[in-house]
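Enquirer: Just to be clear, the model below is a prediction. Sequence and coordinates:
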Number of protein chains: 2
Amino acid sequence: MGVKLGILGLGTVGTGTVQLLQDLDGRHRLLREIEIHRVGVRSLELSRGVELAKNVLITDLDAIVNDPAIDIVVELIGGLEPARSLILKAIENGKHVVTANKAAIARFGDEIFTAANQAGVYVMLEAAVGGGIPVIQPLKQSLSVNRIHTVTGIVNGTTNYILTRMQTEGSNFNDVLADAQKLGYAEADPTADVDGLDAADKIAILASLAFGCRINLQDVYCEGIRQVSKTDIVYADKLGFVIKLLAIAKRITPSTPPSLSIRVHPTLLPKEHPLASINGVYNAILVEGEPLKQVMFFGPGAGAGATASAVCSDILNLVAALKTSTATPNPLLSCAHQDYCQIVPMAELITRFYVRFLTKDHPGVIGKLGTCFGKYGVSLESIVQTGFEGELAEIVVVTHDVPEGNFRQALAEIQALEAIESIPSLLRVL
Amino acid sequence: MGVKLGILGLGTVGTGTVQLLQDLDGRHRLLREIEIHRVGVRSLELSRGVELAKNVLITDLDAIVNDPAIDIVVELIGGLEPARSLILKAIENGKHVVTANKAAIARFGDEIFTAANQAGVYVMLEAAVGGGIPVIQPLKQSLSVNRIHTVTGIVNGTTNYILTRMQTEGSNFNDVLADAQKLGYAEADPTADVDGLDAADKIAILASLAFGCRINLQDVYCEGIRQVSKTDIVYADKLGFVIKLLAIAKRITPSTPPSLSIRVHPTLLPKEHPLASINGVYNAILVEGEPLKQVMFFGPGAGAGATASAVCSDILNLVAALKTSTATPNPLLSCAHQDYCQIVPMAELITRFYVRFLTKDHPGVIGKLGTCFGKYGVSLESIVQTGFEGELAEIVVVTHDVPEGNFRQALAEIQALEAIESIPSLLRVL
């Protein structure tokens, strides 16, 4: 009769998913054809937010991916292993897979999609990026008629929450992080969020779909927000910018597959930019291309309900695919690209920079800065000298677009100047 | 071999669509299977922005919808007739249809979708709402796992452009309209935009998809922006609001199909609301539901490129559907709902109001206002008495939520008060 699900994991997202599927009034009626056949958990003893029949809840996850009755495996345990092995086993057994696991997809996507294509099954991952925001499906099924130029996202809610509070309260990173941990917006070990690793996983996935190629996760440049100071947030504000942790994938060459620049770093963003007003734990993804120009998707980037919505939308699409006879797999649901994108080294990136110098109050120090910058073709958009820290003057500079390599050379020379005490901040500007 | 298109109309959107389909590098490779078989135009004499073989361009539109070789008819002529008849004929002949025609779909959707379901073909309409923003597909295919509560949109670029300029420049409606007409942002006859009719068509379509029911266009309450004054924009700003033309569809009862409130009117929107920062010709659609909470789609609401992107994404989806054997139609691509939603009368709408009174400067006038409001259960959130026009005082009131019927009764009584000179403005507040 119905389509049988095997759900792996009954944490926050798993519980949200089961709750949604057990309460179907007012939702798409195709969901009525779904039967939650098995739910795999670590322990049967824990109390749950959902009621499931005794034979549904089991602890043997392998039994689920090997159960011939199951049509779709929904992987919600997260982490790398056993998630990867269970997904691969499910695929080998001819089951479609829905996963919210950005870490596993970003690392093992090649292996997983190759296996899925061979087995003629789909691996769906709407929940892996942007929580409840439908962005994976539009990239695969709608926006791909465009020649995508750039995908720019605020894809990590924790860091956006921290930066928003630093901005509005004038607080320090460490204080806000500690409070965010208390409030449950940041994890006890905040590394994956705060150092940009989670955002790197997500932009690798988005880039892969937007540009139709595979991405080596190690090639994604990644810089977190630990070094963003409240001083820089204030300067940025005065200069007309906000600071956001952006994940950016940009087409550099028109070839197929294209060369890409792909990176995660705190970025000064002009206040009138559509992403500048995305605050708190929200996520947003801006897609630019031709002839569309731009489109932005905004919503909650995490949370049980939002993620369950994305998981269930993938399940819905699989149920629809299973209802129609699919001798050939639907090319808009599968991920067929096999070539790797070339990733352009950061030295070749063309971008603007924001730098803050602490200088000894020598006469002519601005002149010396200008000379060094000029030598490497770095031209300045604005320069502000304000504030004194004891004997030191503070100089803030925003450059015009320049290859990062040139800029770094100029900076190395400036660092060696007698008048320069230190360079406490260096950020890129969109 | 390929999938054969018959395109009706080669205006701005038609030309953009052909340009996209003739320049495929870097786009989804499935588009390569498309052949532009015929393009129907009014006159062969006009010069075009695209080159087409002599036998492709024809003036007989009927011949296109009757051509057995054609798989997909792309209707881009707009207007009601002959668009409706051509769409119906194409369906009768077993062709799938892509249309950007919100006016025809909002009026004849019942007839068109009934015919399409009988014939087993799809009618795709991504371009009908929100230009290049993918919103129809997410509503049909992703968000429908949610219990949708509300769809709120800025779906008309012309009025949003006018209101944005009134806001930023402090200008009058008539002056900005005249300038917008000169600049090509408003049509010579601006009625459909300025009086909210275009937005009404669009919210009827969005509501129908979001709530899985049919909508009688005549039931959509519709009020345009002609009466929005710069005075009200200034008051709204002081009170923490911007004024936007919103199209709103809201579920009132949990039944299937639900009762809806559905309406288009200028609305005071709190500045921190996600739609408040959508300026200029941009469109945005906010979808709220359970368990998703909210998600917003933002982008260019019109223009050749954006609309062509939406049209081609529909074509892409049809090509994918044609490639996979579809004995049964894909329930996520078709529009199966047949029941009409009940539309709740405006008198039953629960909303906040903004009212501006001109009063003779009598003592106790605020007391009298308060008494009248109190009598009908209208409680006040804020009240401002500022500015004098000659002998008259100006009083601005924002109410708490109240049934519109009660509010209207109170207002009728207030209007009869000796101290009230006139009520120049009455707007709803979100």
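Expert: Right, received. Where do you want to start?

Enquirer: Could you check how far residue A:61 is from chain B?
Expert: Noted for residue A:61: a distance of 25 Å to chain B, by CB to the nearest CB, to the nearest Å. The C-beta positions use only the backbone N, C-alpha and C, and glycine is treated the same way.

Enquirer: in the stretch 51-200 of chain A, which spans are strands?
Expert: Under the criterion DSSP state E, counting those that start in this stretch, the stretch 51-200 of chain A contains strands at A:57-58, A:72-75, A:96-99, A:123-124, A:147-154.

Enquirer: number of nearby residues for residue A:68?
Expert: Summarising burial for residue A:68: neighbours were counted as other CB atoms under 10 Å in any protein chain shown, giving 9.

Enquirer: residues near the nearest residue to it once chain neighbours are set aside, how many?
Expert: When the adjacent residues along the chain are set aside, residue A:68 lies closest to residue A:93, with 7.7 Å between them (CB to CB, 6 or more residues apart in numbering or on different chains). The number of residues packed around residue A:93, counting by other CB under 10 Å, is 15.

Enquirer: ok, now residue A:256?
Expert: Using other CB under 10 Å, the number of residues around residue A:256 comes to 14.

Enquirer: what about it, is that helix, strand or coil?
Expert: coil (DSSP: H, G, I helix; E, B strand; the rest coil).

Enquirer: gap between the closest residue in space to it that isn't next to it in sequence and residue B:210?
Expert: Spatially, and ignoring its direct neighbours in sequence, residue A:256 is nearest to residue B:26 (6.4 Å; CB to CB, 6+ apart). Between residue B:26 and residue B:210 the computed distance is 33 Å (CB to CB, to the nearest Å).

Enquirer: from the chain's centre, how far out does the helix or strand containing residue A:367 sit?
Expert: For residue A:367, the element it lies in under DSSP states H and E is helix A:365-375. Using CA atoms, centre = their mean, to the nearest Å, we find the averaged C-alpha position of helix A:365-375 to lie 37 Å away from the chain's own average C-alpha position.

Enquirer: rewinding a little: where does the residue nearest to residue A:256 land on pLDDT?
Expert: According to the per-residue confidence, residue B:26 scores 90 in pLDDT.

Enquirer: same question, residue A:339
Expert: The score at residue A:339 is 87. That number is its pLDDT.

Enquirer: residues touching residue A:303, list them.
Expert: Residues touching residue A:303, when contacts are defined by CB atoms under 8 Å, 6 or more residues apart in numbering or on different chains, comprise A:131-132, B:293.

Enquirer: Identify, from these, the entry nearest to residue A:391.
Expert: Nearest to residue A:391 out of these is residue A:131 (CB to CB; 48.9 Å).

Enquirer: list the contacts for that closest one?
Expert: The neighbours of residue A:131, taking CB under 8 Å, 6+ apart as the test, are A:157, A:283, A:299-303, A:306-307, A:310.

Enquirer: Residue A:414 now?
Expert: Neighbouring residues of residue A:414 by CB under 8 Å, 6+ apart: A:357, A:368-369, A:372-373, A:420, A:423.

Enquirer: Highest neighbour count among those residues?
Expert: When these are compared by neighbour count (other CB under 10 Å), residue A:357 ends up highest, at 26 neighbours.

Enquirer: Give me the angle between the helix or strand bottoming out on mean pLDDT in chain A and helix A:365-375.
Expert: One helix or strand of chain A scores below all others by mean pLDDT, DSSP states H and E: strand A:380-389, with a mean of 81. Going by axes from the mean of the first three to the mean of the last three CA atoms, to 10 degrees, strand A:380-389 is angled at 150 degrees with respect to helix A:365-375.

Enquirer: Strand A:380-389 - which strands sit beside it in the sheet, and in what orientation?
Expert: In the sheet containing strand A:380-389, its partner strands are strand A:392-399 (antiparallel), by DSSP bridges.

Enquirer: Which residues outside stretch A:338-346 are in contact with it?
Expert: Under the contact criterion CB under 8 Å, 6+ apart, stretch A:338-346 has outside partners A:114, A:207-208, A:211, A:213-216, A:219-221, A:252-253, A:257-263, A:404.

Enquirer: repeat for stretch A:320-328
Expert: The list of residues contacting stretch A:320-328 from outside it, by CB under 8 Å, 6+ apart, reads A:3, A:30, A:33, A:71, A:96, A:122, A:330, A:333, B:141, B:323-332.
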